[in-house]
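# the following block contains a protein sequence and its predicted model.
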Amino acid sequence: MSKLISLSEAGGLVRDGQMIALGGNSLSRTPSAFARELARQGRRNLIMIKTAGAYEIDLLCAAGAVAEVRAGYIGYENLFGMAPSYRRGVESGEIRVVEHACYSVIAGLRASAYGLPSQPVSGFDGSDTPASSGFLQAEDPYTGKSVYMIPKIRPDWAVVHVQHADAAGNARIDGGPFEDVLLSRASEGVILTAERIVETKFFEDKPERTNIPGFMVDAVVHLPGGAAPASCYPLYDTDEEAVAAFLGAADSPESLQDHLREWEVSDHRAPEAEISE
Amino acid sequence: MTLKTESEIQAARDAADQMAVCLARELREGERVFHGVNSPLPMVAIFLAKKLHAPGSVLIEVAGSVDPRPERLPFSTNDPALCQGAAAIFSNADAYDLFARGGVDLMYLGGAQIDKAGRVNMSYIGEPSAPKVRLPGGGGGSVIMEQARRIVIWRVVHDRRTFVEKVDFVTQSGNLARVVTPLAVMEMRDEGLELGSVHPGVSVEEVAGRTGFPLDLGAEIPVTIPPTGDELSALAEIDPEGVRYSEFAALRRVER
């Protein structure tokens, strides 16, 4: 049975207050169009999970969709520096932060993927992070060594943008997978947005190159360009002008709506040929 | 866009070159080194070291590959374009696990606030529960800093807002070897961070005045070895587009 649905339908799967992990890393293979759709649909009180995030988190913060962020890094690197809407939300007290290292986000996701309540993580001695985030230590029963235990992070939805998917939800990622394979194992449900929809034979020819098997996936959206203005290797680079335009627009609700409207057509463009060779 | 004077631009370019070679000199032949997101200077420095004195070092990078040989260096250090020519993909989770096993020799980290004890803040300015500024966060730093054998911090500004008596929040600490800035190289010693060398044309007094904690100025402070001809020509070859300049406000390619 085909799991192909529209972007609006996929966005509608997410409920207010849910925990969401958007895949990719920083401005690379980010499910940007999906984030815009959540903003358009007016989602509220989301809990965002991310190792290193940028536009997608900042956009949802600008839209007032976010209640809490658990992440190692949120910002635009040296390109544009800090994420202004995220920053404003945290500084005004509207957005809670659970301070993490990227590795502790991974540990929490691993706890979920491994079916465990928590996962030990090495490191954190001499950091204020565990105390500020409520991470507790436990003693290893064999050596007596104290280790920090990161509680399970089980997102309601992982949303991953991939280069290739079929209608059954099999997915192949070109280039670095970042945390996306782990996200698919750790989350309750998985939504794919895909540059191209291929025949299943594409995966059958090289099953070892399938990063996410279809049975783990709930929905697939055909969404060429769905990472923009972030990059999608090797198809397109980061659109720096578009990121700059967003940063200029995120200061007021009206201009944010303009930004979302501006992208609406391309986000919802239904490709003529659903299946490419 | 703010117009900068010729001399300001040249000074910033010289400082960036000096920092790039100082960072490169930290990498020793045969070592495993990692660079993270938002790390243009370390990325350039690693490629420089591999070209000059450390061809057998192994670069593991945040975009997810091992020893890439990209046609051109990207401005974003986790751009998958960086992975070109790599023989293996090595995800971030793999890299963090390698750190946890003690398998990485050198890591370059940033720092918004750094104190005498070598503690680093990447999280909050002001009271963390009601911060004046929410910073981006430490990325991998708060577990990596005590796991890599050596940590070298770089920071493209040297001022009293950065080098403070005591950081507002300890994002990370441990295994700090050196701090490289546009003015100087600081070394971590038993008594804390001290001046290792000052860059050519910079006075010890200027560095001390722009550092918010006391420095031992009793002994003779050497001058940093300036970039050699070999280093400068290698830099021009591996980084013709000037990725190393992108962290400097005076040289920023795109300005808001």
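Arrived safely, thanks for sending.
# ok, how many other residues are close to A:Ser132?
Neighbourhood size, A:Ser132 [other CB atoms under 10 Å in any protein chain shown]: 18. For glycine as for every other residue, the C-beta is placed from the backbone atoms N, C-alpha and C.
# now the helices for chain A?
In chain A, the helices defined using DSSP state H lie at A:7-12, A:32-40, A:55-62, A:77-80, A:84-91, A:102-113, A:129-133, A:180-186, A:201-205, A:240-249, A:253-267.
# interface residues of the stretch 101-250 of chain B facing chain A?
By CB under 8 Å from any CB of the partner chain, the residues of the stretch 101-250 of chain B that approach chain A are B:119, B:123, B:128, B:130-147, B:169-174, B:246-247.
# can you list the domains in chain B?
B:1-107+B:226-256, B:110-225 (automatic domain parsing).
# rank those by pLDDT, which is bottom?
Least confident of the domains of chain B, judged by mean pLDDT, is domain B:1-107+B:226-256 with a mean of 91.
# so what's the gap between that domain and the chain middle?
Mean-position distance between domain B:1-107+B:226-256 and its chain equals 9 Å (CA atoms, centre = their mean, to the nearest Å).
# now swap in stretch A:88-100 and tell me
Stretch A:88-100 sits 18 Å away from the centroid of its parent chain (CA atoms, centre = their mean).
# mind listing the strands for the stretch 151-256 of chain B?
B:163-164, B:176-180, B:184-189, B:192-198 (DSSP state E, counting those that start in this stretch).
# could the C-alpha coordinates of the lowest-mean-pLDDT helix or strand in chain A be exported in CSV?
The weakest-scoring helix or strand in chain A, judged by mean pLDDT, DSSP states H and E, is helix A:77-80 (a mean of 80). Written as CSV, here are the backbone C-alpha positions of helix A:77-80 (Å, rounded to 0.1, in the frame of the first residue of the first chain):
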residue,chain,number,x,y,z
GLU,A,77,27.4,28.9,12.4
ASN,A,78,29.7,31.7,11.0
LEU,A,79,27.3,32.3,8.2
PHE,A,80,24.8,34.3,10.2
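# which helices and strands does that helix pack with?
For helix A:77-80, the packing partners by 3 or more CB pairs under 8 Å, 6 or more residues apart in numbering or on different chains; DSSP states H and E come out as helix A:240-249.
# just send the domains of chain B back as a markdown table, with mean neighbour count too.
Output for the domains of chain B, formatted as a markdown table (neighbours: other CB atoms under 10 Å in any protein chain shown):
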| stretch | mean neighbour count |
| --- | --- |
| domain B:1-107+B:226-256 | 19 |
| domain B:110-225 | 20 |
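# closest one to A:Val243 among the ones you listed?
domain B:1-107+B:226-256 (9.0 Å; CB to CB).
# count the residues that sit near the closest residue to A:Glu9 other than its chain neighbours.
Excluding the flanking residues, the one nearest A:Glu9 by CB to CB, 6 or more residues apart in numbering or on different chains is A:Ala219, at 7.5 Å. A:Ala219: 19 surrounding residues under other CB under 10 Å.
# reformat the domains of chain B as a markdown table; add distance to A:Asn211.
Converted to a markdown table, the domains of chain B look like this (distance: least, CB to CB, whole Å):
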| stretch | distance to A:Asn211 |
| --- | --- |
| domain B:1-107+B:226-256 | 11 |
| domain B:110-225 | 22 |
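# from what I can see A:Thr210 touches A:Ala168, true?
No. Applying CB atoms under 8 Å, one finds A:Thr210 not in contact with A:Ala168, separated by 10.8 Å.
# and the closest residue to chain A within the stretch 101-250 of chain B, what does it touch?
Nearest to chain A, among the residues of the stretch 101-250 of chain B, is B:Val143, at 2.9 Å (CB to the nearest CB). With contact set as CB atoms under 8 Å, 6 or more residues apart in numbering or on different chains, B:Val143 has these partners: A:Ala101, A:Tyr103, A:Ser104, A:Val121, A:Ser122, A:Gly123, A:Phe124, A:Ser127, B:Tyr96, B:Phe99, B:Ala100.
# and the third one, what pLDDT?
You'll see A:Ser104 listed with a pLDDT of 97.
# isn't it right next to A:Ser127, touching?
No. In this structure, A:Ser104 is not within contact of A:Ser127 by CB under 8 Å, at 10.1 Å.
# mutual contacts of those two, please.
Residues touching both A:Ser104 and A:Ser127 (CB under 8 Å, 6+ apart): B:Ser142, B:Val143.
# in three-state terms, label B:Pro74 for me.
On the three-state scheme (DSSP: H, G, I helix; E, B strand; the rest coil), B:Pro74 is labelled coil.
# pretty sure it sits against B:Gln84.
No. Assessed by CB under 8 Å, B:Pro74 is found out of contact with B:Gln84, at 9.5 Å.
# hmm, back to that, which outside residues touch the least confident helix or strand of chain A?
If you take CB under 8 Å, 6+ apart as the criterion, helix A:77-80 is touched by A:26-27, A:54, A:238, A:240, A:243-244, A:247, B:37-38, B:40, B:75-78, B:246-247, B:254, B:256.
# let me see the ranges of the strands in the stretch 101-250 of chain A.
A:118-121, A:136-139, A:146-151, A:157-165, A:171-172, A:189-197, A:219-222.
# coming back round to it: which ones are touching the residue nearest to A:Glu9?
Here A:Ala219 is in contact with A:Lys3, A:Leu4, A:Ile5, A:Glu9, A:Ala10, A:Leu13, A:Gly169, A:Ile191, A:Leu192 (CB under 8 Å, 6+ apart).
# one more: A:Ser8?
So A:Ser8 contacts A:Glu37, A:Gln41, A:His268 (CB under 8 Å, 6+ apart).
# do the same with B:Ala88
Neighbour list for B:Ala88: B:Ser65, B:Val66 [criterion: CB under 8 Å, 6+ apart].
# for it, give its distance to B:Leu59.
12 Å (CB to CB, to the nearest Å).
# and for A:Ala113?
If you measure A:Ala113 against B:Leu59 using CB to CB, the figure is 28 Å.
# same check, this time on B:Asp190
Distance, B:Asp190 to B:Leu59, using CB to CB: 32 Å.
# which residue ranges of chain B form helices?
Using DSSP H, the helices of chain B run over B:6-25, B:40-51, B:92-100, B:141-144, B:204-209, B:229-238.
# ok, which of those helices comes nearest B:Asp67?
B:Asp67 lies closest, by CB to CB, to one member of the helices of chain B: helix B:40-51, at 8.3 Å.
# quick check, the closest one touching chain A?
Yes. Contact of helix B:40-51 with chain A (CB under 8 Å from any CB) involves B:Pro40.
# what's that helix packed up against?
Using 3+ CB pairs under 8 Å, 6+ apart, helix B:40-51 sits against helix B:6-25, strand B:32-35, strand B:58-61, strand B:106-109, helix B:229-238.
# try it again at 6 Å.
With contacts defined as 3 or more CB pairs under 6 Å, 6 or more residues apart in numbering or on different chains; DSSP states H and E, the packing partners of helix B:40-51 are helix B:6-25, strand B:32-35, helix B:229-238.
# re earlier: which of the strands of the stretch 101-250 of chain A sits closest to B:Gly30?
strand A:118-121 (28.8 Å).
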